[in-house]
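A.B. asks: Here is my input; please provide its structure:
(one chain, ligands or ions: 1)
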Amino acid sequence: MLHGKVKNSTLKESDRSMAPLYSRHAITGGVSRYDFPENEMLPQTAYNLVHDELMLDGNSRLNLATFVTTWMEPEARQLMAETFDKNMIDKDEYPQTAELEMRCVNMLARLWNSPDHEEAVGCSTIGSSEAAMLGGLALKWKWRERMKAANKQADRPNLVMGINVQVCWDKFCRYFDVEPRLVPIEGTRYHLTGEEAVKYCDENTIGVVAIMGSTFDGSYEPVKQINDALDALQKEKGWDIPIHVDGASGAFIAPFIQPDLEWDFRVPRVKSINTSGHKFGLVYPGVGWIVWRDKDALPEDLIFSVNYLGGEMPTFALSFSRPGSQVVAQYYNFLRLGRDGYRRVQQTCQDVALYLSREIAKLGPFELLTEGRDLPVFAFKLKEPTNFTVFDLSERLRDRGWILPAYTFPKNLEDLAVLRVVVRDGFSHDLANMLLDDLRRHVKFFASQPGYTPTYTGGGHSHGASSHQKRVPREPSSNGQRTVKATK
Ligand SMILES: Cc1ncc(COP(=O)(O)O)c(C=O)c1O
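C.D. replies: Presented below is the predicted three-dimensional model:
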């Protein structure tokens with residue numbers, strides 16, 4: 001989030017400073033809010049001040065908007081507290097933390113069916129967004145190599161993806177000067193298909209991004225089908241276009257509860273996969289991962305070396321310093337849960353999601369877009385216009401602390417307004433029943449208020465989904481515009 005400098009001179013004294021009253025502690029006066037306090041205070045007093053401010057934050061366990069982990073076991077928290085001081089980049093000082101990162105990359109490569117004969121490479125990141133930047137950069141570099149080898153111009157790269165992508169992909173395109181080719185959604189098709197993807201590809205396409213699953217409704221994009229459509233396109237046009245899978249959530253779900261679904265390195269065009277360790281990898285924020293199919297998919301040119309125990313350690317990252325504790329916690333989870341434990345956790349999340357979506361459908365006014373069969377995530381809308389909207393419902397649900405985002409879909413389906421539920425580890429059947437009780441209460445309330453005037457904005461945080469509505473349109477440039485017509 002970007003923050004501006006607050007103009008102190010325009011503020012009332014009461015807004016300029018915090019005025020806690022701890023009559024048994026040292027502070028009874030004001031403490032400057034936007035400027036460095038002149039003097040020290042006791043640790044306990046500072047703790048109380050900060051702690052009390054944070055009481056106004058939402059309760060993270062009731063936050064059904066976020067995909068990010070909000071509960072970990074005490075032992076994991078303890079390990080994290082023991083390793084807060086380790087900087088991930090200092091491989092020299094903390095070689096064992098680096099070793100755990102390496103083991104995690106290996107475990108993920110194998111979880112994603114990396115073939116034995118291929119030398120997968122990968123690293124941890126601060127989250128899927130950084131991993132997406134790295135994946136996108138590798139695609140761009142490889143495409144440039146291909147174009148140079150063919151003696152062709154390499155100045156107009158584009159990336160093909162559904163308009164439903166998370167905002168990190170818009171960022172990648174804007175920051176690294178790649179034309180985003182956002183394939184529209186329409187009707188009841190809420191994500192990318194193979195047939196649509198190839199219509200937007202040409203020889204300047206650095207890759208196609210397939211999402212497992214969509215931030216908007218939790219559905220998986222058909223990676224294998226996209227692969228096959230790109231095979232046919234190569235036969236026809238000669239363009240060899242790779243796939244990057246954005247498995248921010250699904251790369252930790254599909255291997256455990258949909259093991260037969262082919263979306264990973266079993267699919268030949270999949271060159272790289274990213275995931276968020278801090279989503280269904282079950283670690284507190286921020287850790288992400290990216291794995292490339294083979295050394296060959298990651299251009300040497302992007303790799304920097306840091307000294308490591310007298311030797312050289314290759315790194316590929318956008319940031320430098322980063323906490324080691326999340327990587328340690330990821331390794332803890334892998335050891336602690338194993339395949340079976342992850343399967344149990346993810347299956348439980350899906351059971352709760354399917355139960356909750358089924359019961360919500362029975363309430364009357366709602367229709368499901370998804371049920372939670374891919375990710376344990378589902379979206380629902382109002383069957384027909386009535387005296388309240390999903391935005392009103394989202395707002396009223398907050399009265400007991402529930403955070404359910406309400407948002408509209410991107411271009412072509414802007415009139416489709418939904419509520420979305422992300423079921424994560426720690427959201428029990430009991431909590432689901434409590435949410436259902438509250439939904440029933442609110443539906444009853446709206447039914448008893450025929451004069452209620454619906455509102456059409458508000459809602460809540462949709463984890464990068466709604467940002468599409470707020471995106472600044474890209475200036476027309478030599479690199480093209482944000483939306484393009486199909487080329488085929
Ligand atoms: C599909 C998808 N990709 C990328 C991201 C960004 O992930 P992160 O928050 O780990 O940077 C998200 C976040 O919700 C997502 O759902």
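A.B. asks: Flag every residue of the stretch 51-200 of the chain that's near the ligand.
C.D. replies: Proximity of the stretch 51-200 of the chain to the ligand, by C-beta under 6 Å from any ligand atom, involves residues 67, 127-129, 166, 168. In this view, the C-beta of every residue, glycine as well, is placed from N, C-alpha and C.
A.B. asks: Give me the distance between the residue nearest to residue 291 when sequence neighbours are not counted and the ligand.
C.D. replies: Distance criterion C-beta to C-beta, 6 or more residues apart in numbering; nearest residue to residue 291, sequence neighbours excluded, is residue 122 at 3.4 Å. Distance, residue 122 to the ligand, using C-beta to the nearest ligand atom, to the nearest Å: 15 Å.
A.B. asks: Then residue 177?
C.D. replies: Per C-beta to the nearest ligand atom, residue 177 is found 20 Å from the ligand.
A.B. asks: burial measure for that residue, as a count.
C.D. replies: 13 (other C-beta atoms under 10 Å).
A.B. asks: cool, residue 271 as well?
C.D. replies: By other C-beta under 10 Å, neighbour count at residue 271 equals 21.
A.B. asks: quick one: it and residue 291 touch, right?
C.D. replies: No. Judged on C-beta atoms under 8 Å, residue 271 makes no contact with residue 291 at a distance of 10.1 Å.
A.B. asks: quick revisit: restricted to helices, list the residues of the stretch 51-200 of the chain next to the ligand.
C.D. replies: If you go by DSSP state H, those have 128-129, 168 in helices.
A.B. asks: In the stretch 251-400 of the chain, which residue sits closest to the ligand?
C.D. replies: Per C-beta to the nearest ligand atom, the residue of the stretch 251-400 of the chain with the smallest distance to the ligand is residue 276, at 3.6 Å.
A.B. asks: what's the distance between that residue and residue 183?
C.D. replies: Residue 276 is 23 Å from residue 183, where distance means C-beta to C-beta, to the nearest Å.
A.B. asks: Neighbour count: the two, which is higher?
C.D. replies: residue 276 (28 against 24).
A.B. asks: Show me what counts as buried in the helix or strand where residue 443 lies.
C.D. replies: In this assignment (DSSP states H and E), residue 443 forms part of helix 429-447. Using 16 or more other C-beta atoms under 10 Å as the burial criterion, the residues of helix 429-447 that qualify are 431-432, 435-436, 438-439, 442-443, 446.
A.B. asks: What of stretch 114-130?
C.D. replies: Using 16+ other C-beta under 10 Å as the test for burial, stretch 114-130 gives 114, 120-130.
A.B. asks: same question, stretch 168-185
C.D. replies: Under 16+ other C-beta under 10 Å, the buried positions of stretch 168-185 are 168-173, 178-185.
A.B. asks: Equivalent analysis for stretch 280-296, please.
C.D. replies: The neighbour-count check on stretch 280-296 (16+ other C-beta under 10 Å) flags 280-294 as buried.
A.B. asks: contacts with the ligand among these, please.
C.D. replies: Residues of the buried residues of stretch 280-296 in contact with the ligand (C-beta under 6 Å from any ligand atom): residue 288.
A.B. asks: Now for the buried residues of stretch 280-296: which two are most distant?
C.D. replies: Spatial extent of the buried residues of stretch 280-296 (C-beta to C-beta) is set by the pair 284 and 294 at 31.7 Å.
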